[in-house]
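K.L.:
Everything below, folded, please.
(one chain, ligands or ions: 1)
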Amino acid sequence: MSDITVPVLIVGGGGCGLTTSILLSEHGIDHHLVERHTSTSHLPKAHYLNQRTMEVLRQVGVADSIYEVGTPPKNMGKTRWVTSLGGDGELDGRTLYTLESFGGGRLESAYAVDSPCPSTNYPQIRLEPLLREHAEKRAPDSIHFGRELVSFEQDE
Ligand SMILES: Cc1cc2nc3c(=O)[nH]c(=O)nc-3n(C[C@H](O)[C@H](O)[C@H](O)COP(=O)(O)OP(=O)(O)OC[C@H]3O[C@@H](n4cnc5c(N)ncnc54)[C@H](O)[C@@H]3O)c2cc1C
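P.N.:
The predicted model follows:
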């Protein structure tokens with residue numbers, strides 16, 4: 001066992017942990033991240049990245065690499081409730097309601113007033129590897145997957 005002394009210990013290499021690492025690196029603050037799993041999450045979870053999130057990620061030079069692969073607003077302007085996505089029965093494929101949403105389509109100009117950063121859509125299952133890449137590039141020796149925090153003591 002070795003002793004490690006760093007100003008910040010980050011427990012967890014999900015979206016928050018990896019983003020915290022990137023933010024700390026950009027401020028030149030040393031840190032140590034541990035994630036108990038050997039890789040980022042295999043589970044599909046969140047997908048929508050709102051304008052404020054993209055502003056924060058732009059500040060640290062990450063936004064462009066997400067815009068390159070994320071869904072552009074023009075392709076995500078509507079949320080639609082339908083009776084089914086498939087099938088050719090009488091009740092299949094009927095639209096119950098359509099909502100303008102996510103800052104796309106006709107909402108694009110209204111959202112643009114609030115921020116220079118459009119929202120985008122990129123599933124967490126793909127975003128986390130991208131954030132990990134950015135975090136490791138900035139702090140190659142600070143990101144440790146396959147390591148679990150099992151206990152800690154708070155001192156003065
Ligand atoms: C099915 C599902 C659908 C979702 N859909 C949406 C959505 O549409 N929109 C939305 O905004 N949000 C959604 N969420 C929520 C979103 O995924 C979470 O808010 C987000 O993952 C939280 O990020 P996090 O980094 O705080 O935590 P997590 O992603 O949970 O990461 C925490 C990490 O800490 C690690 N860890 C914990 N304890 C230790 C330890 N002792 N030592 C080392 N590592 C440890 C864990 O292994 C984990 O990887 C969804 C979640 C689920 C489960």
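K.L.:
I'd like the average pLDDT over stretch 136-145.
P.N.:
Taken as a whole, stretch 136-145 has an average pLDDT of 98.
K.L.:
Report whether it contacts the ligand.
P.N.:
No: Stretch 136-145 stays clear of the ligand (CB under 6 Å from any ligand atom), getting no nearer than 9.0 Å. C-betas here are computed from N, CA, C, even on glycine.
K.L.:
Would you indicate which residues of the worst-scoring helix or strand of the chain on mean pLDDT are buried?
P.N.:
One helix or strand of the chain scores below all others by mean pLDDT, DSSP states H and E: helix 108-114, with a mean of 91. If you call a residue buried by 16 or more other CB atoms under 10 Å, then helix 108-114 has these buried ones: Glu108, Tyr111.
K.L.:
Return the distance of it from the chain's centre.
P.N.:
Put simply, helix 108-114 sits 22 Å off its chain's centre (CA atoms, centre = their mean, to the nearest Å).
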